[in-house]
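> kindly return the folded structure for what I paste below:
(one chain, ligands or ions: 4)
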Amino acid sequence: ARAAGMAGPSLTFAEAPHSIGESHQVAPGYDASVLIRWGDKVLADAPSFDPLGQSAAAQARQFGYNNDFLGYCPLPAGSGASDHGLLVVNHEYTDSWLMFPGLTEKDGATKVTREQAQIELAAHGLSVIEIRKLNGHWRVVEDSAYARRITLDTAMAVSGPAAGHDRLKTKDDPSGRLVLGTLNNCAGGLTPWGTILTAEENFHQYFAGVPQGPEAAAHKRLGLVGKPEYSWGQYFDRFDVTREPNEPNRFGWLVEVDPYDPKAQPVKRTALGRFKHEAANVVVNANGRVSVYSGDDERFEYLYRFVSRDRVDLLNRANNRRLLDDGILYVAKFHADGRLTWLPLIFGNGPLNPGNGFHSQADVVIEARRAADLMGATPMDRPEDVETNPVTGKVYMMCTNNTNRKAEQTDAANPRANNVHGHVIEMVPAMVDGQPDHTALDYTWSVFLLAGPKGQGRYHPETSESGWMSAPDNLAFDPAGRLWISTDQGSAQATNNIPDGMYAMETEGPFRALSKFFYACPRGAEMCGPMFTPDGKTLFVAVQHPGENKGSTFDAPSTRFPDFQPGMPPRPSVVAITKKDGGVIGS
Ligand code: FEO
Ligand code: CA
Ligand code: CA
Ligand code: CA
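Numbers count the residues shown, from 1 in each chain. Ligands and ions are numbered 1, 2, ... in the order given. Here you go, the predicted model:
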């Protein structure tokens, strides 16, 4: 028991049920209401969702599938408004067997028709919607001038060292500077100048054909081995690497989108490197330069950081248009003694030379993984979201899991063999004049928590039976600097027998790492996109792939969340969580 007179944790909510159900569940005293679902109107002239009458033309105007990253951008821009804004949403991937009748999970690459493939292409990308809070309830603003769908037909520019390089040129784009669309947009991040970064993650799974020729080894390093999860290569040449070997080099980037200008062309920022980006989070340093953290979510891959050459202009957003094109990309090496070193990935530095097949900085960014291998970076247990605590300046990385790590491969930063449950690493930049310096070459680090059931995991000792998590994935900080973690157990949800959802904790003081369970996803769903409004009174979350568990299909889903109507399949949905008394989330 706590000593008399000692204050308790600042997170006072009673925990949500730590059990899997057909619907979602939130802590008592809170409302969780669905804001928008797959198939709902985004553009004003979109037709209503008809699960048996889908078309690519309709889907391109409707909300896409598998909502992941959520970015809240206040209206007007820069106002800090917490009751009116734009919500930018990633649509990471599609589940054909939950979208269309008559399919099972193994049919995605074989039985999906050309027409269904075109619907899938239109269900990827992003949505921008305008939202407003009236009488405590969030609603989508219809007929908004900001409303936008970005799909695999949307033209995007390429900037930075790889723009226009031969390795990015294709039959359809001899310039190497104009790509159609963005793929597998997992998480992302807001920039301080009012744009968002959206992260291209598992782009390899869309490409058919066994790579041959000069790109074969580089493609293989990224998992392009002719075993696609999608049928697209049968119908569209650009998704067959034997026909268009450079097309994969046009994905795997961070893409900058300006949600305030629905006509603005998204830009692929190649200076930030090409790998399976989970997310991207930007922090401004005291000297005005920005640092961007981004994890490469695959087993034994790396954590990266980009530092801009120039200073941000927070007064004139147009002046930051090229800020992410010039700077230095680094990769992290975690030392056993608690030091962290950032290794620069610069053409000509050490092994990054023609002898190793690097002829320019374009080669370094296109093959960032191989450059990082040669520099001696630390292979991690799947780096997912990485974000800075706005109150303390410390940086937190979710290492989601790695069941392939053997005992002899463990190290201080990846301490468990067969790491089923994952862990969270805390990184501390040096302080300069009382400010964290995210440009420094040396940090310190430690393990913040080990996920897993009590007894296997390591949390604050007062963590309840409901507070344990598995597979930390995304994170958000509330305005008080408290850490909110979302989880993605995948198929382990069934064996762990707990839902995915949101966990909250303090990072400093006597209740550091006292994890509390706040919100439970419905069966088969992972939790994505946690995003607070600036006042901390709304938490937006993304319920991704409800019903995506073994044996569940469109025809016989394991849940029909959120509609629960006969014939209506489960629908990925964005949920707005508010406190019934209007107070701060978690208080
Ligand atoms: Fe799309 Fe790393 O999760
Ligand atoms: Ca994720
Ligand atoms: Ca985040
Ligand atoms: Ca994940």
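
> near ligand 1, which residues of the stretch 351-500 of the chain are found?
Applying C-beta under 6 Å from any ligand atom, we find that the stretch 351-500 of the chain lies next to ligand 1 at residue 384. Where you see a C-beta, it was placed from the backbone N, CA and C, and this is true even at glycine.

> which residue ranges of the stretch 351-500 of the chain form strands?
Secondary structure of the stretch 351-500 of the chain by DSSP state E, counting those that start in this stretch: the strands cover 380-381, 383-388, 395-399, 423-429, 431-432, 435-436, 442-450, 472-477, 483-487.

> average model confidence for the last one?
Read that as strand 483-487. Averaged over strand 483-487, pLDDT sits at 98.

> ligand 1 contacts on this protein?
92, 186, 201, 278, 297, 384.

> of those, which belong to strands?
Taking DSSP state E as the definition of strands, those contribute 186, 384.

> filtering the residues of the chain next to ligand 1 by proximity to ligand 3, which remain?
Filtering the residues of the chain next to ligand 1 for proximity to ligand 3 by C-beta under 5 Å from the ion leaves nothing.

> which members of the residues of the chain next to ligand 1 are the farthest-apart pair?
92 and 384 (12.8 Å; C-beta to C-beta).

> name the member of the residues of the chain next to ligand 1 with the most neighbours.
residue 278 (29 neighbours; other C-beta atoms under 10 Å).

> distance-wise, check that residue relative to residue 178.
26 Å (C-beta to C-beta, to the nearest Å).

> could you double-check that residue 140 lies in contact with residue 128?
No - here residue 140 does not reach residue 128: they are 11.1 Å apart, not a contact under C-beta atoms under 8 Å.

> of these two, who's got more company?
Between residue 140 and residue 128, residue 128 has the larger neighbour count (other C-beta under 10 Å), namely 23 against 18.

> run through the bridge partners of the more buried one.
Counting by DSSP bridges, residue 128 forms beta bridges with residue 88, residue 148.

> that one: what's it in contact with?
Shown in contact with residue 128 (C-beta atoms under 8 Å, 6 or more residues apart in numbering): 42, 86-89, 146-150, 257, 259, 262.

> which ones are touching whichever residue of the stretch 101-250 of the chain sits closest to ligand 2?
Closest residue of the stretch 101-250 of the chain to ligand 2, C-beta to the ion: residue 186 (4.7 Å). Residues near residue 186 by C-beta under 8 Å, 6+ apart: 68-69, 90, 92, 199-202, 277-279, 297.

> between these, which is closest to ligand 1?
Checking the contacts of residue 186 against ligand 1 by C-beta to the nearest ligand atom gives residue 297 as the nearest, at 3.5 Å.

> surely that closest one is in contact with residue 401?
No - with contact defined as C-beta under 8 Å, residue 297 does not count as touching residue 401 (10.6 Å).

> quickly list what's touching both of the two.
residue 382.

> follow-up on the earlier one: distance to ligand 4 for the strands of the stretch 351-500 of the chain - can I get that in TSV?
Formatted as TSV, those follow (distance: least, C-beta to the ion, whole Å):
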stretch	distance to ligand 4
strand 380-381	12
strand 383-388	6
strand 395-399	9
strand 423-429	14
strand 431-432	32
strand 435-436	27
strand 442-450	17
strand 472-477	4
strand 483-487	8
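
> ok, of the ones you listed, where does mean pLDDT dip lowest?
strand 431-432 (a mean of 87).

> for residue 451, see how far away the residue positioned nearest the centre of the chain is.
Nearest to the centroid of the C-alpha atoms of the chain, with distances taken as C-alpha atoms, centre = their mean, sits residue 187, at 1.6 Å. Residue 187 sits 18 Å away from residue 451, going by C-beta to C-beta.

> just residue 571 next, same as before
29 Å.

> equivalent analysis for residue 299, please.
Relative to residue 451, and taking C-beta to C-beta, residue 299 is found at 16 Å.

> those two: which has the busier surroundings?
residue 451 (29 against 15).

> measure how buried residue 166 is and give me the count.
Neighbours of residue 166 using other C-beta under 10 Å come to 10.

> thanks again, I'm all set now.
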